[in-house]
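Engineer: Okay, structure incoming, though there's no sequence with it:
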């Protein structure tokens, strides 16, 4: 019998090794399920509301947490049945992404996101209140002390490449609370990847107030590139970094100007943005790398390869 001890031990070790490194599909199958029951997607909410739902899985649910617009997660009360009080007046009026994440005792997680319209009338007596849904399906809400109109913002978006593919995934909020930025949420529904984005524009005392086309061109560059990063590139930056000549550069993500998503957003602005977006700032935000207009093949890569499934 001793002749068989070695092979049997080896087989057991190999089996253990595979058990410790489950495939991505196996990990997905073991992740818990989570549902947001209230508020309902697309509904309006004001004041203090209860975000609630349920979670279940193959193992005990350890915790459920909530975030708004990609911010930090805050623990909910309960697990299999959970709830979290949310003060909507802490946010500007308009569409917001509410995400709930369940974590089981083994550390497997799954999240779900919904869009909710916060309506607290915070704009009363202010300079500009306006809204529209564009032909491309983008919701634009203006709630600022500035004099912006929804149509002004739409014209800038359209000049910078807004189309019917990305349009329905985008909500634009012109307000005075948050700096100009983009928040995205990526999830899945019936086995398909879902994407939504909120583009905040700070209406007064901001770069947007001084150079609006530049800011819209750059921020829409975020929406465009992050949409295809999720929908076509499986969140893999490698093909872009190779085309940009930055693959393996140790400076990447070491500072704001070296953040990959900021670099590609400004590449988009200079390669595909409106003439006003370019003239208001005719150089890349990272002046230590070649101007994207001088990188051979980069424009063709972003136009044809980046949106293509890999």
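Structural biologist: On my side now, so go ahead. These numbers were taken from a predicted model, which means no experiment stands behind them.
Engineer: what's around residue 301, how many residues?
Structural biologist: Number of residues near residue 301 (other Cβ atoms under 10 Å) recorded here: 17. Just so you know, the C-beta spots here come from the backbone N, C-alpha and C atoms, and that holds for glycine as well.
Engineer: give me every residue that touches the nearest residue to residue 310 once chain neighbours are set aside.
Structural biologist: The shortest distance from residue 310 to any non-neighbouring residue, by Cβ to Cβ, 6 or more residues apart in numbering, is to residue 233 (5.7 Å). Contact analysis of residue 233 by Cβ atoms under 8 Å, 6 or more residues apart in numbering lists 239, 240, 306, 310.
Engineer: roughly how far is whichever helix or strand residue 85 is part of from the heart of the chain?
Structural biologist: Secondary structure assignment for residue 85, by DSSP states H and E: strand 81-87. Distance, stretch centre to chain centre, for strand 81-87: 22 Å (Cα atoms, centre = their mean, to the nearest Å).
Engineer: contacting residues around it?
Structural biologist: 45, 47-55, 64, 66, 68, 74-77, 98, 100.
Engineer: Derive a ChimeraX selection command for the buried subset of those residues.
Structural biologist: Filtering the contacts of strand 81-87 down to the buried ones (16 or more other Cβ atoms under 10 Å) takes a single ChimeraX command:
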select :45,49,51,52,53,54,55,64,66,68,76,98,100
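Engineer: ok, back up a step: tell me the strands beside the very next helix or strand once past the strand holding residue 85, with direction?
Structural biologist: Next in sequence after strand 81-87, counting helices and strands by DSSP H and E, comes strand 94-104. Strand 94-104 pairs in its sheet with strand 61-68 (antiparallel), strand 109-118 (antiparallel), by DSSP bridges.
Engineer: nearest to residue 134, of these?
Structural biologist: In terms of Cβ to Cβ, the element of these nearest to residue 134 is strand 109-118, at 16.1 Å.
Engineer: Now that closest one: average pLDDT?
Structural biologist: If you average the pLDDT over strand 109-118, you get 92.
Engineer: Quick one: work out the angle between that strand and strand 81-87.
Structural biologist: Here strand 109-118 points in a direction 40 degrees away from that of strand 81-87 (axes from the mean of the first three to the mean of the last three Cα atoms, to 10 degrees).
Engineer: which residues touch residue 265?
Structural biologist: By Cβ under 8 Å, 6+ apart, the contact set of residue 265 is 218, 219, 221, 222, 225.
Engineer: Over to residue 291?
Structural biologist: 270, 283, 284.
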